[in-house]
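Asks: sequence first, predicted model second:
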Amino acid sequence: MILSAQRTHNYSLALLALIFVVTAITFLAPLIGLGRSDDFIFYQWFGLRRSVLVKLELALLLGFFAVSVIGRYGNLIRDVYQARTLHFSLTFYSLVLFIISCFQFIIWGKHMAFEWTTMADIPPMLHLMDSQFLANDFYTVASVNTPKDTFQHALLLPTLFGIDWYQAIYLYKVLFLLLLKPLLFLCILKIVMALQPNVQKSTQYSILKLVVFFMVALGVIEYQGEPAGWPSVFSIIRVTAYGFSVFFGLGYLVTSLSENRYTKNVSYLLLSGAVLIHPTVGAMIFCLSQLFSLVVFADHNKKYLLQKFLVDSIFVVIPLAVILGRYENPAPLSAEQFIQYYVFERHPHHYQMSHAVGFEFFGWLLLFIMPVLISFFLKARKLQLLSILCLLYYTVPVFIQYVGVEIIPIKSIAALGPCRFTYFASFLWWIEILVFCIHLNVLNVIADYCKKIYNHLADIQRSNISRILSSSIMKAGELFEHLLALISRTKKVVFLGVILLAVLVWQQTLKSPLDWKFYGLEEPREVITWINKYTPRESVFFVNDLYYSFLTRSYGGRASFVDNSMPFNESYFAEYFKRLDVYQKAEDMTATDYYQLSQNYSVTHLLIKKEDSQRLSNFDPIYQTNVWNIYNIADFK
């Protein structure tokens, strides 16, 4: 049933007013006492950060704009395109998503790659280039010769072509953010088509492509909160080990479903790469692949299913064996000690399930249970198997995490962190929903209903202006069809254009972190350059700021005593927490305390904000800017 024009208008105004109110709350929250970051009221209640809400509000406002355009000129569009269908190619959709990603990155992106957690891998990466670099830095020494070596070597690959190391990292960032949406679109479609192979021959296929396109373009897949301590992995893609592994994994999921032998061989290499760079993410991708394969082949090709499992397992076990055989901790901790340090003291919000699991987890649990109930009501065996496996994928790793950390301490479980399987909660659930929609013919029902709304909105009178606009739309439609035909015939040229556009975005948006105003303060170039030029190479700085601690290491070339970044090497956990205990008391430390620290740890310099250095007013800094003071701790004697 279609609402009357007046009621539609009233409901639209009410919804638009609600969006504006929520938008105002989002922007003004820090000023009206509703918090920022983790204290933001909607994050506390629903797990929605301000940045996520802004994207959602923008998408809704754009939707309203589109509806208003249809309402004003919909009859013209209908007349022009009533004989046309939406049989756009996958290449076309992928290209549009790539262009959207370009615009999003250029307008709203952070044009700098020195960010958390990317910057945590930069000092050990630079140490790989020069074994003498930061040889006296605790964090760097603790972070080399670890399983992250593979990832850090991958970061350096572009430098073989003469590209500066920072430009190389930024290149990876640009490629990740520009290619994520197209790759995610192809991955979801390939999986859904494998689970519902007849959809490609049905009228629902065109609608499916359009639905997945809008899901990916609007970032619907990314909205899940943090049900077990982790958000959707697609909402936090950065130049990190897990970021690399996710891209390898998506490539594996796409290519593993191909019937081409060459493509299948490539898929095995991608799976091994995902595991080698980040074992936990690699294991997630492996389990996702087996889950989908079990649904596809369980009824008619169990032999192939077993063969696929065994072959895939080989390409998981080999990189794991390489990691376990190559890296060895000289001072391993007991399970209890490891869990105490790694989970309870440093990451309870991620790995302690009694702390991390809350309202969001049970909300998603209900969403995963609903398809199970519906599948049994429908008596559809494939849907039953799919929904049960999806439910197990979501719940079992969280249960294993809880038991292996808080009931029976198991070191390997704490280290792998299986609760991170919830990285893919929303991704998996939406795939499940799409499969159900195809089975129930919901996509066609939605399309028919949208046509009725479309015709309802398009019921306006023609005018001379309308006829002129109709002619313009007709010409635009013809041009659009020529463009589609060109894309379908010149895929290699399109691919080349994508590469050139990505390179252009990379070069034109690149900004050095030394020219970036962290916290909205002055650029760090002046103070970091002074550190590099005028302090001895063996200097050790005490820096009570995470970003400037890593800037001091990476660009200043000087060691930093410690900061909140934990080295993932259990042999150094005890020393790290010993230093961290001192670091966390920095706000109350006096000149005497700093001098005593220098006697115990050979700390030579203090980099501190002017506003925090009032208790050191009896001493003159050896260098200062508008924001920072640098002291020689030897002067505190």
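Replies: Happy to help now that I have it.

Asks: helix or strand next in line after the least confident helix or strand in the chain by mean pLDDT, which one?
Replies: When the helices and strands of the chain are scored by mean pLDDT, DSSP states H and E, helix 464-489 comes last with a mean of 54. As assigned by DSSP states H and E, the chain's next helix or strand after helix 464-489 is helix 491-509.

Asks: next one: that next one to chain centre, how far?
Replies: 22 Å (Cα atoms, centre = their mean, to the nearest Å).

Asks: where does this structure dip in pLDDT?
Replies: Residues of the chain meeting the criterion pLDDT under 70: 1-13, 16, 37-38, 46-47, 51-52, 54-87, 331, 449-491.

Asks: I'd say Arg319 and His278 touch.
Replies: Check again: residue 319 is Pro, not Arg. No: the criterion here is Cβ atoms under 8 Å, and Pro319 misses it with His278 at 10.5 Å. For the C-beta atoms, the positions are set from N, CA and C on the backbone; glycine is no exception.

Asks: okay, those two: which has more neighbours?
Replies: His278 (26 against 19; other Cβ atoms under 10 Å).

Asks: how close does the more buried one get to Gly243?
Replies: 9 Å (Cβ to Cβ, to the nearest Å).

Asks: wait, isn't Val322 in contact with Leu276?
Replies: Yes: proximity of Val322 to Leu276 meets the contact threshold set by Cβ under 8 Å, at 6.9 Å.

Asks: more neighbours, those two?
Replies: Leu276 (24 against 15).

Asks: tell me who's in contact with Pro330.
Replies: For Pro330, the contacting residues are Ser571, by Cβ atoms under 8 Å, 6 or more residues apart in numbering.

Asks: so it, which of the three states?
Replies: Using DSSP: H, G, I helix; E, B strand; the rest coil, the structure places Pro330 in coil.

Asks: please name the nearest non-neighbouring residue to Cys419.
Replies: Distances taken as Cβ to Cβ, 6 or more residues apart in numbering place Gln401 nearest to Cys419, at 4.0 Å, with adjacent residues excluded.

Asks: separation between the one you found and Leu378?
Replies: From Gln401 over to Leu378 (counting by Cβ to Cβ), the distance is 33 Å.

Asks: and Ile369, by the same measure?
Replies: For Ile369 relative to Leu378 (Cβ to Cβ), the value is 15 Å.

Asks: ditto for Asp588
Replies: From Asp588 to Leu378 the distance is 64 Å (Cβ to Cβ).

Asks: how about Phe151?
Replies: 44 Å.

Asks: so between these two, which is more surrounded?
Replies: Phe151 (22 against 13).

Asks: how about the contacts made by the more buried one?
Replies: Asp121, Thr240, Ala241, Phe244, Ile277, His278.

Asks: that one: what secondary structure?
Replies: helix.

Asks: just checking, next helix/strand downstream of whichever strand or helix holds the residue nearest to Cys419?
Replies: Assigned by DSSP H and E, Gln401 falls within helix 381-402. Sequence-wise, the next helix or strand downstream of helix 381-402 (DSSP H and E) is helix 411-416.

Asks: for Tyr304, see how far away Glu259 is.
Replies: Counting by Cβ to Cβ, the gap from Glu259 to Tyr304 is 11 Å.

Asks: out of the two, which sits in the more crowded spot?
Replies: Set side by side, Glu259 and Tyr304 show more neighbours around Tyr304, with 12 against 6, by other Cβ under 10 Å.

Asks: so which helix or strand takes in that one?
Replies: Counting by DSSP H and E, Tyr304 is part of helix 302-326.

Asks: show the contacting residues for the nearest residue to Met284 once chain neighbours are set aside.
Replies: Of all residues not flanking Met284 in the chain, Phe421 sits nearest, at 5.4 Å (Cβ to Cβ, 6+ apart). Neighbouring residues of Phe421 by Cβ under 8 Å, 6+ apart: Met284, Cys287, Tyr393, Tyr394, Pro397, Val398.

Asks: any chance of a markdown table for the contacts of Phe151, columns secondary structure?
Replies: Below are the contacts of Phe151 laid out as a markdown table (three-state DSSP):
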| residue | secondary structure |
| --- | --- |
| Asp121 | helix |
| Thr240 | coil |
| Ala241 | helix |
| Phe244 | helix |
| Ile277 | helix |
| His278 | coil |
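
Asks: just these now: which is nearest Ile608?
Replies: Asp121 (26.1 Å; Cβ to Cβ).

Asks: OK, contacts around the closest one?
Replies: Ser143, Lys148, Phe151, Gln152, Leu155, Thr240, Ala241.

Asks: run the last query once more with 10 Å
Replies: Neighbour list for Asp121: Ser143, Lys148, Phe151, Gln152, Leu155, Ile169, Val239, Thr240, Ala241, Ser565 [criterion: Cβ atoms under 10 Å, 6 or more residues apart in numbering].

Asks: for Pro371, which non-adjacent residue is closest in space?
Replies: Spatial nearest neighbour of Pro371, chain neighbours left out: Ser387 (4.0 Å); criterion: Cβ to Cβ, 6+ apart.
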